[in-house]
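Enquirer: I would like the atomic coordinates for the input below:
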Amino acid sequence: MTIPTTDLAASVDFWTRGMDFFELFSVPGQLVHLRRWPHQGSQPEAYSDGSK
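Expert: Numbers count the residues shown, from 1 in each chain. Sure, this is the predicted structure:
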């Protein structure tokens, strides 16, 4: 997903501090690739397909 911004530093700060992403790599002043750990914040849930 690409999210355009006019303030790259503020956007990185929001996503890393506020949404728990981390910076995977960057091209200073141009591009930042952010990532979250897989399954971060997910809750396990029992699955039932209706069979007995």
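
Enquirer: Can you give me the neighbour number for Asp20?
Expert: 11 (other Cβ atoms under 10 Å). To be clear about C-beta, it is placed using only N, CA and C from the backbone, and glycine gets the same treatment.

Enquirer: any low-confidence regions in this structure?
Expert: Counting by pLDDT under 70, the chain has low-confidence residues at 39-52.

Enquirer: residue ranges of the strands in it, please?
Expert: Counting by DSSP state E, the chain has these strands, from start to end: 22-27, 31-35.

Enquirer: okay, the angle between the shortest one and strand 22-27?
Expert: Translated: strand 31-35. Angle, strand 31-35 to strand 22-27, by axes from the mean of the first three to the mean of the last three Cα atoms, to 10 degrees: 160 degrees.

Enquirer: partners of strand 31-35, with directions?
Expert: Strand 31-35 pairs in its sheet with strand 22-27 (antiparallel), by DSSP bridges.

Enquirer: Which one, of the strands of the chain, ends up nearest to Phe14?
Expert: Proximity to Phe14 (Cβ to Cβ) singles out strand 31-35 among the strands of the chain, at 10.2 Å.

Enquirer: buried stuff in that closest one?
Expert: Within strand 31-35, the residues scored as buried using 16 or more other Cβ atoms under 10 Å are Val32, Leu34.

Enquirer: Other residues contacting that strand?
Expert: Residues outside strand 31-35 that contact it (Cβ atoms under 8 Å, 6 or more residues apart in numbering): Leu8, Ser11, Val12, Trp15, Thr16, Phe21, Phe22, Glu23, Leu24, Phe25, Ser26.

Enquirer: If you go by neighbour count, which of these are buried?
Expert: The buried subset of the contacts of strand 31-35 - by 16+ other Cβ under 10 Å - is Val12, Trp15, Phe21.

Enquirer: Dump these to TSV, plus distance to Arg35.
Expert: What follows is the buried ones among the contacts of strand 31-35, written out as TSV (distance: Cβ to Cβ, whole Å):
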residue	distance to Arg35
Val12	12
Trp15	10
Phe21	6
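
Enquirer: For Gln30, state which of the residues you listed is nearest.
Expert: Checking these against Gln30 with Cβ to Cβ, the nearest one is Val12 at 12.1 Å.
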